[in-house]
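**Q** for reference, the sequence and a predicted model appear below.
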Amino acid sequence: MSMNVGSGGGGGGSRRRRGRRAAPMSEINITPFVDVMLVLLVIFMVAAPLLTVGVPIDLPETSAKPLEGDKEPITISVNSTGQIYIQNTEIPLEEVVPKLSAIAANGYEERIYVRGDQNADYGTMMKIMARINAAGFKRLGLVTVEEGS
């Protein structure tokens, strides 16, 4: 009898151990979740600058302050060779106003930003702005880069 008390190999001690092993684990391991979230954060941080207008333009620098707005404006871009784009789609000069009228959700109150390469022809820029203004769109702006940035 004295052997069974100290050894723990008897029937009473082993039953308690089996009961503990069968108990469900109540801890949640969040390490894989945190790893996935950090990877997604890095992906979105890298991809966010790429979601802007995709026409490569070398904008001129000014000291003007940025305009505040609540909704994404329509963007017209003119590259250094004089090609005209609405958002990312190239269009001829004659189709600028009809396309803008079709796109403008707020009618003539739609904000329209004109992005012109600093080497773009000044005459082309003025033709575009004159046609847009003559069509009745009054909220027209030029996009530049802040000096020193």
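**A** Ah, there it is. Numbers count the residues shown, from 1 in each chain.

**Q** spatially central residue for this structure, please.
**A** Closest residue to the average C-alpha location of the chain: residue 48 at 3.7 Å, with CA atoms, centre = their mean.

**Q** which pLDDT value goes with that residue?
**A** Looking at residue 48, its pLDDT is 81.

**Q** three-state assignment of it?
**A** helix (DSSP: H, G, I helix; E, B strand; the rest coil).

**Q** look up how far residue 33 lies from it.
**A** According to CB to CB, to the nearest Å, residue 48 and residue 33 sit 22 Å apart. For the C-beta atoms, the positions are set from N, CA and C on the backbone; glycine is no exception.

**Q** for residue 92, same thing?
**A** Distance, residue 92 to residue 33, using CB to CB: 52 Å.

**Q** swap in residue 137?
**A** To residue 33, residue 137 is 48 Å away according to CB to CB.

**Q** those two: which has the busier surroundings?
**A** residue 137 (21 against 10; other CB atoms under 10 Å).

**Q** contacts only, for the more buried one.
**A** Contact analysis of residue 137 by CB atoms under 8 Å, 6 or more residues apart in numbering lists 100, 104, 108, 110, 112.

**Q** how many neighbouring residues does the last one have?
**A** If I follow you right, that is residue 112. By other CB under 10 Å, the residues close to residue 112 number 22.

**Q** ok, it - contacts?
**A** So residue 112 contacts 73, 74, 75, 76, 100, 132, 137, 139, 140, 141 (CB under 8 Å, 6+ apart).

**Q** beta partners of it?
**A** Using DSSP bridges, the beta-bridge partners of residue 112 come out as residue 74, residue 140.

**Q** ok now stretch 27-39, how far from the chain's centre?
**A** Per CA atoms, centre = their mean, to the nearest Å, the displacement of stretch 27-39 from the mean C-alpha position of its chain is 24 Å.

**Q** no no, stretch 75-82
**A** Centroid separation for stretch 75-82 versus its chain: 22 Å, with CA atoms, centre = their mean.
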